[in-house]
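Novice: Return atomic coordinates for the entry below.
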Amino acid sequence: MADLSNLPQDVRDESGHLIRELHGVSLAQILEYLVAAYGWPELDRRIRINCFAVDPSIKSSLTFLRRTPWARTKVEELYIRTRTAEVLGRR
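Specialist: Numbering: from 1, shown residues only. Next up, the predicted model:
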């Protein structure tokens with residue numbers, strides 16, 4: 001698993017919620033954000049799961065991620081790192 005300990009703990013989104021807590025952010029929103037930020041090929045490169053490589057879609061990815069805790073954790077961690085960098089102006 002990715003190490004998130006080196007990220008600032010108190011980074012907040014535009015609503016004032018801690019990004020780490022994923023407050024009010026659905027898995028679908030996380031996935032849509034990551035696809036917009038990276039695209040399917042880059043997501044597949046960063047997180048090697050077939051639903052990102054073989055005929056990728058939001059629907060098939062959500063189905064897989066909801067049933068596979070380790071993959072969901074990796075996606076959530078990438079979202080936290082990406083959003084934190086975005087809010088801090090590093091992206």
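Novice: Tell me which residues touch the residue lying closest to Asn50 once chain neighbours are set aside, please.
Specialist: Once flanking residues are discounted, Asn50 sits nearest to Phe64: 7.9 Å by Cβ to Cβ, 6 or more residues apart in numbering. Where you see a C-beta, it was placed from the backbone N, CA and C, and this is true even at glycine. Phe64 makes contact with 49-51, 71, according to Cβ atoms under 8 Å, 6 or more residues apart in numbering.
Novice: Provide the secondary structure category for Phe64.
Specialist: helix (DSSP: H, G, I helix; E, B strand; the rest coil).
Novice: Quickly find the element holding the residue positioned nearest the centre of the chain.
Specialist: Residue closest to the average C-alpha location in the chain (Cα atoms, centre = their mean): Tyr79, at 2.7 Å. Assigned by DSSP states H and E, Tyr79 falls within helix 69-87.
Novice: That helix - what's its average pLDDT?
Specialist: Summarised as a single mean, pLDDT over helix 69-87 is 92.
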